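>>> fold the following.
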Amino acid sequence: VCTDGCTHIGFELWQVKTGTLFDDIIVTDSLEEAQKFAEETFFKKKDDEADMLDEKKEAEREEQRKAAAVDDHDDEEDYMDEMMDEF
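Okay, the predicted model is just below:
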């Protein structure tokens, strides 16, 4: 493909969800080099990154539960106020 040697490479990346990050990118034709690179980068980080993602999702769920509880409480108060006004 590159008879004179390649000096640049381009990626066209499409993401479905905003916030996707890419790091530790390697371009090689050596399976052994790719496996070694993965062991030194991806596999060292993946469990910690998965734990951080789980913690973030749990925090978001907790915020949603709190917001729903506040909404439920507000709706209940509005209902009681309306009932008292009619009485």
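>>> which residues of the protein score low on pLDDT?
Counting by pLDDT under 70, the chain has low-confidence residues at 1, 70-76, 79, 87.
>>> for it, which segments count as helices?
Listed in chain order, the helices of the chain (DSSP state H) span 31-40, 42-86.
>>> I'd like those helices as CSV, with distance to Phe22 appended.
No exception for glycine: its C-beta is placed from N, CA and C like everyone else's. Listed next are the helices of the chain as CSV, based on distance: least, Cβ to Cβ, whole Å:
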stretch, distance to Phe22
helix 31-40, 14
helix 42-86, 12
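>>> reformat these as TSV; add distance to Thr7 and mean neighbour count.
Shown next, in TSV, are these (distance: least, Cβ to Cβ, whole Å; neighbours: other Cβ atoms under 10 Å):
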stretch	distance to Thr7	mean neighbour count
helix 31-40	19	11
helix 42-86	26	10
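>>> for those, which one sits closest to Leu21?
helix 42-86 (9.7 Å; Cβ to Cβ).
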